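> next input, structure requested:
(2 chains)
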Amino acid sequence: MERTIKEFKIFTIVDFEKEERYLTQMSKKGYRFKKVSFPGFYSFERVEPEDYVYRLTFKSSWDSDYDNYIALFQDSGWEYIQEFMGWSYFRKKSDEKNTEIFSDNESKVEEIDKIFKSRYIPLFVIFSLLVLPNAMRVFSSGFHRLRSLHEYFLFLFIAILYTLYVFLITYCGLGIYKLRSKYLVK
Amino acid sequence: MDERIKRIYIPMTETSFYILFSLQEEMHGYSIGTYVERITGGEVSISPGTMYGSLSKMEKDGLIDFIKEEEKRKIYKISDLGRIILDKEIKRIERLYKNSKGVDLSGKDH
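Residues are numbered from 1 along each chain as shown, chains lettered A, B, ... in the order given. From the prediction side, this is the model:
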C-alpha cells in the first residue's frame, strides 16, 4: 500500500470550514494530513483511522507575534501542523474538550471580517482596476475584428480570466455574507 | 472617557469581562483561560482564537498593557483606563443583579 497519497482540492477564502471538514474526514478514513505545499495540493500519510478535529485560522506566519500565537494554541492542547498562504492549520483529538477555536460568535465574526478586509477587498480592487478595464477594452474591439491567432488567443485568455474572476468575486462575496449571517447575533 | 471605547466595551461581552477581570493580576493568555474556567466552575471557557483576538483588541484600545514576554507567552495587566471600564461594568452588573432580585433602586441616585 502506498504510504503517501496526494489529492487535489480547491478551497477559496470562504471555504475554510469545508477544508476543515475535508481534513477531518480524511483523518477518519485513515489519511493523516501531512501538508499543503502548493495551492490545492494536499499530501496525506496512510495510517490507521484517527479521530481528530482539524481547524484553520486566518493567521500568517509573517506576523511578528506568530510565535506567541502558536504557543497559546499549543498550551490549549492544539497541535500545530503548518502555515500556508496566511492560514494556520491545527488539529486536536476530537474526544478532548474545547474543540472550537472560537468560543463566542463575536470573535468568529471578527475573523470573517479580517478575511474580508485582507483578502476579498484586494480581490475586488484588482478586478475593478485591472481585469474589468482590460476585458472591456478587448471585448469592445469585437470578436470579428480579430485578425491573427495571437489576437484570438489573447481574446480567449481575457474572456476566461474575466469569467473566472466574476465567478470568484460573486462566490466569495456570497460566501462572506453567508458566514457572517451564520454567526452574527442580532 | 473616550466615547468610542465606552460604546464598544459597555456593556461588555462575557469573554471581555472575564479577561479584564482576570488581568487585575499579571497573566498570559492560557493562564487567563484556566483561571476563568476554574472560578466559573467550568461554565465559561475561552478558546485560544477568541482569547488571542480579545487580548489584541484590548491592548490596542489601551484597556490592558503588555508587561513582558516569558517563554513566548505574552504577559498582560489591566491599565488605568481598563480599571475605569471594569469598575463601570461591575457597577452595571450589580445594578442588574439587584433589580433581578426585586430591589427597587428608585430612591437612590446613581
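> quick one: the strands in chain A?
A:4-8, A:31-38, A:41-46, A:52-57, A:79-84, A:87-93 (DSSP state E).
> near chain B at all, the fourth one?
Yes: under the criterion of CB under 8 Å from any CB of the partner chain, strand A:52-57 makes contact with chain B via A:T57. In this view, the C-beta of every residue, glycine as well, is placed from N, C-alpha and C.
> what helices or strands is that strand leaning on?
Secondary-structure packing of strand A:52-57 (3 or more CB pairs under 8 Å, 6 or more residues apart in numbering or on different chains; DSSP states H and E): helix A:16-28, strand A:87-93.
> which of the strands of chain A sits most buried?
Most buried of those, by mean neighbour count (mean count of other CB atoms under 10 Å in any protein chain shown): strand A:52-57, with a mean of 22.
> TSV for the strands of chain A, including mean pLDDT?
Shown next, in TSV, are the strands of chain A (pLDDT from 0 to 100):
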stretch	mean pLDDT
strand A:4-8	94
strand A:31-38	94
strand A:41-46	95
strand A:52-57	96
strand A:79-84	97
strand A:87-93	96
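> straight-line length of stretch B:22-31, end to end?
Stretch B:22-31 stretches 9 Å from its first residue to its last (CA to CA, to the nearest Å).
> how far away is the closest residue in space to A:F11 that isn't next to it in sequence from A:L179?
Distance criterion CB to CB, 6 or more residues apart in numbering or on different chains; nearest residue to A:F11, sequence neighbours excluded, is A:E19 at 4.4 Å. Relative to A:L179, A:E19 is positioned 13 Å away (CB to CB, to the nearest Å).
> show the contacting residues for residue 22.
Here I'm looking at chain A. Taking CB atoms under 8 Å, 6 or more residues apart in numbering or on different chains as the criterion, A:Y22 is in contact with A:9, A:11.
> switch to chain B, that's the one I care about
B:32, B:35-36.
> one more pass at 10 Å, please.
Contact analysis of B:S22 by CB atoms under 10 Å, 6 or more residues apart in numbering or on different chains lists B:31-36, B:39, B:46, B:76, B:78.
> just the pLDDT for it.
On the pLDDT scale, B:S22 is placed at 98.
> and the top helix by length along chain B, how far from the chain's centre?
In chain B, taking DSSP state H as the definition, the longest helix is helix B:80-100. For helix B:80-100, the separation from the chain centroid amounts to 10 Å (computed by CA atoms, centre = their mean, to the nearest Å).
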